[in-house]
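**Student:** 3D, please:
(4 chains)
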4 protein chains.
Amino acid sequence: MTQTAEERDHNRSGRREAARLEYFSDCIFAISITLLILNVSLPAAGANLTEVVRKVLPEVLGYALTFFMIGVLWTQHHAMFALIRRTDQVFLLINILYLMCIAFLPFPARVLGANAGGIGQTAAAALYAGTFLVAALVFNGLWKYASCGGRLLHSGADRSAVHTMSRSHDLATVLYLVDVALAFVTPAGSIIMFTLIAVFYAVTPIPSVARSRLLRPLLGPPPKADTE
Amino acid sequence: MTQTAEERDHNRSGRREAARLEYFSDCIFAISITLLILNVSLPAAGANLTEVVRKVLPEVLGYALTFFMIGVLWTQHHAMFALIRRTDQVFLLINILYLMCIAFLPFPARVLGANAGGIGQTAAAALYAGTFLVAALVFNGLWKYASCGGRLLHSGADRSAVHTMSRSHDLATVLYLVDVALAFVTPAGSIIMFTLIAVFYAVTPIPSVARSRLLRPLLGPPPKADTE
Amino acid sequence: MTQTAEERDHNRSGRREAARLEYFSDCIFAISITLLILNVSLPAAGANLTEVVRKVLPEVLGYALTFFMIGVLWTQHHAMFALIRRTDQVFLLINILYLMCIAFLPFPARVLGANAGGIGQTAAAALYAGTFLVAALVFNGLWKYASCGGRLLHSGADRSAVHTMSRSHDLATVLYLVDVALAFVTPAGSIIMFTLIAVFYAVTPIPSVARSRLLRPLLGPPPKADTE
Amino acid sequence: MTQTAEERDHNRSGRREAARLEYFSDCIFAISITLLILNVSLPAAGANLTEVVRKVLPEVLGYALTFFMIGVLWTQHHAMFALIRRTDQVFLLINILYLMCIAFLPFPARVLGANAGGIGQTAAAALYAGTFLVAALVFNGLWKYASCGGRLLHSGADRSAVHTMSRSHDLATVLYLVDVALAFVTPAGSIIMFTLIAVFYAVTPIPSVARSRLLRPLLGPPPKADTE
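**Tutor:** Numbers count the residues shown, from 1 in each chain, chains lettered A, B, ... in the order given. Model prediction:
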């Protein structure tokens, strides 16, 4: 009987560990994303509305883009953890490296905002896309480690979902790599491509049926699907 | 049997997703609201108490107002999530856009504090109320998407509560719109109206019976209602 | 049957609300307490160890004191929530006002650090203790509202524990009031008294038996008490 | 029956307390680790990629090292809490002191980054390693208090795991002490040793079997171990 209670404790602590790691990661995502607003600098006192808008608009757009992209990365991290059954020390360490990239993102975003339209914008755009590239590589490693042979996945994890996720992460790496290269040709083009990548990964998880449905008036009746 | 376990896993992961999104949102609300204090600037060294009070009072009042309003928005987000049964990718994306507005709020608050009484105060007041207007519009879209035809709501969600919430969010949009317009006429009036909106939405969820009861001495015995 | 499921949903959402409020509060406590380190200013480049220590020591001591006190306030908030069964809108609003005080604390801490030993230290010490006084008054109101007639408490909440907590909060208000007054006589004395208050409230919840036991060598065997 | 419900409430509140303390600690770890990015200073506008890299590289490396080490400390705190059954006021206070050290870490990290290669780097390296030494001493005290005679541990906690953890924490204290001393001889050597300590504590929890397995190609099949 004591043995059984110990086993139960062990299983519970296993679940606790995965949940606590997920919680810790969420916290870091949330803080990084919220610190972005500190990058938007105060307009000079006494400026009128037009001046305020002209001055802060590039920084605000940069805020919106980076916020949106980190939000999308969070949903991907979230989707991965939904398939994870347990963690181990290696997974934990790779996850810390990934969080190191996420928590770093406010810096390239600040550099980009400070160099918009200036002569440093090539370096800034390359640093910006390059940081996301490194993050994608680490995330890829995290997922490969967890999913290889189903190492840390739920036994019931859908094989096609696992395969789709792997291909999606491989594609992201390639896209960011192209985007970094593009920064040296045209910084503005690099940012535009980056925006398209963000929108692509935001929209992809929506099933195509639902996507076509979005084109119908928003207030039309939803399908009578999955009642609890 | 395996199928059943998979289904259970699926349901559990559905609940996990809603809870994790709510948690992530709470975190961002909490960080935004706490970063507001960084907007209060340090008085010059060696100032006496009177000088300190006179200098920091407008910034402190702005801190209190914005903090209170974000707190009220949090309770509304909270009330909405209490009716939500599950999430989907579209809901997640609109929620990220909403959090983008919430995390943005420390910026207009800083602009307002820096321009209090100065010639830029019209622009500052308009930006301040305007940001809350945009947040209200996005929140309205979030709620419309979730509630339309009961798409993401609990099957047992009270119809009249859903209807009341919809009307309340519509009203908020109109009130903020009027407040933005008012900023161009009288910035101070815009802030006063904003304060009244905050108080209105803070007090509205208190049932009128309880509100009249608040007028009785605070230490009087509470009603013998809803024992658990 | 449907009715029962709805009731269960209602109870669950009641518990969810209290837990979510507690979680949100914890988050704000954690962020406030962590932002304190931003108040410690960087020593000039090229300073040797002695200079670094002399320069940053007052700020570091201020950091430690404020951190410790906010930690103690968190344990009190924590102890209160352990007795709370449910929340309502009034409780939520008073709690937001309380969090507004907590999130404000990094500011008076910064003012105090910047004015240590200078002519503004009377104002700084008064502002510092005064903010804690206001926080204590709001916390007192929060507790009175929740505990009066057992309004929001667990039905099984220990009456003597409730009474002790009330008296403890009343005492805190008086102590802070004396401390604010003391700041106008001797700022340094005010800080010393403040430190003693912090230690008093940190140590008080330790039962006297355990306290005497602390005097024994730390590594001695603990009592064979409450096995799970 | 009422008595039994009260007991159940009491046990639940015991578990709640440990969970809430763990949650609060995680939050502070997450915020400290994320604030580190604020230490990386913006390169001058108009700098090209080479200049940006040369200027920010030391600060970025410092960011990565400190982030990684705090991540490792978090996993140790996490491993300790997995063995903790309940908390008491003394444990809570020592934990607050420990969090005070963790939340302090962004400051020595900033000092180190600002003094890299300069004449203040001896003081900076000593402060950096010294802060981790103090943190290790407090963590040691926390663990000794919790584990002595099994005071706060799960009754089923593995004795050898408890012993290993104690020895590991003792070793950490010695290593940091040597590292502080080394800073006065060679600051750069101190940082290199610090990096080795971080890697050592990151890798140690990985069982040696798994470590040798890491040398095999990452994509090879994992062992068919512990199915849920």
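
**Student:** distance check, the residue nearest the centre of chain A against A:Leu171.
**Tutor:** The centroid of chain A falls nearest to A:Leu73 when counting by C-alpha atoms, centre = their mean (1.1 Å). A:Leu73 is 15 Å from A:Leu171, where distance means C-beta to C-beta, to the nearest Å. C-beta here means a position set from N, CA and C on the backbone, and glycine is covered the same way.

**Student:** which stretches of chain A have low pLDDT?
**Tutor:** With pLDDT under 70 as the threshold, chain A has low-confidence stretches at A:1-15, A:44-49, A:51-52, A:54, A:117, A:119, A:207-228.

**Student:** can you give me the helices in it?
**Tutor:** Counting by DSSP state H, chain A has helices at residues A:2-35, A:49-81, A:89-104, A:106-114, A:121-147, A:159-185, A:187-203, A:208-214.

**Student:** just give the closest residue to A:Glu22, not the sequence neighbours.
**Tutor:** Distances taken as C-beta to C-beta, 6 or more residues apart in numbering or on different chains place A:Phe81 nearest to A:Glu22, at 4.9 Å, with adjacent residues excluded.

**Student:** can you get me a residue count around that neighbour?
**Tutor:** Counted with other C-beta atoms under 10 Å in any protein chain shown, residues neighbouring A:Phe81 total 20.

**Student:** ok, it touching A:Arg20?
**Tutor:** No. Between A:Phe81 and A:Arg20 there is no contact under C-beta atoms under 8 Å: 11.7 Å.

**Student:** ok so, going back, quick one: the residue nearest to the centre of chain A from chain B, how far?
**Tutor:** 11 Å (C-beta to the nearest C-beta, to the nearest Å).

**Student:** with A:Ile33 instead?
**Tutor:** For A:Ile33 relative to chain B (C-beta to the nearest C-beta), the value is 7 Å.

**Student:** now do the same contact list for the closest residue to that residue other than its chain neighbours.
**Tutor:** Using C-beta to C-beta, 6+ apart and skipping the chain neighbours, the partner closest in space to A:Ile33 is A:Ile70 (4.7 Å). Neighbouring residues of A:Ile70 by C-beta atoms under 8 Å, 6 or more residues apart in numbering or on different chains: A:Phe29, A:Ser32, A:Ile33, A:Leu36, A:Ile102, A:Leu105.

**Student:** need the buried ones from those selected in ChimeraX.
**Tutor:** To isolate the buried subset of those in ChimeraX, counting by 16 or more other C-beta atoms under 10 Å in any protein chain shown, use the following:
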select /A:29,32,33,36,102,105
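
**Student:** got the contacts of A:Ile70 as a markdown table, with distance to A:Leu177 columns?
**Tutor:** As requested, the contacts of A:Ile70 are exported to a markdown table (distance: C-beta to C-beta, whole Å):
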| residue | distance to A:Leu177 |
| --- | --- |
| A:Phe29 | 23 |
| A:Ser32 | 23 |
| A:Ile33 | 24 |
| A:Leu36 | 24 |
| A:Ile102 | 19 |
| A:Leu105 | 18 |
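
**Student:** and the contacts of A:Ile70, which is closest to C:Gly150?
**Tutor:** A:Phe29 (40.3 Å; C-beta to C-beta).

**Student:** how near is the nearest residue to that closest one once chain neighbours are set aside to B:Phe24?
**Tutor:** Of all residues not flanking A:Phe29 in the chain, A:Trp74 sits nearest, at 4.7 Å (C-beta to C-beta, 6+ apart). As judged by C-beta to C-beta, A:Trp74 and B:Phe24 stand 7 Å apart.

**Student:** who touches both of these two?
**Tutor:** Residues touching both A:Trp74 and B:Phe24 (C-beta under 8 Å, 6+ apart) are A:Asp26, A:Phe29.

**Student:** A:Pro58: neighbour count?
**Tutor:** Applying other C-beta under 10 Å, we find 15 residues neighbouring A:Pro58.

**Student:** using JSON lines, please lay out the helices of chain A together with distance to D:Leu182.
**Tutor:** Shown next, in JSON lines, are these (distance: least, C-beta to C-beta, whole Å):
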{"stretch": "helix A:2-35", "distance to D:Leu182": "31"}
{"stretch": "helix A:49-81", "distance to D:Leu182": "38"}
{"stretch": "helix A:89-104", "distance to D:Leu182": "25"}
{"stretch": "helix A:106-114", "distance to D:Leu182": "30"}
{"stretch": "helix A:121-147", "distance to D:Leu182": "31"}
{"stretch": "helix A:159-185", "distance to D:Leu182": "39"}
{"stretch": "helix A:187-203", "distance to D:Leu182": "44"}
{"stretch": "helix A:208-214", "distance to D:Leu182": "60"}
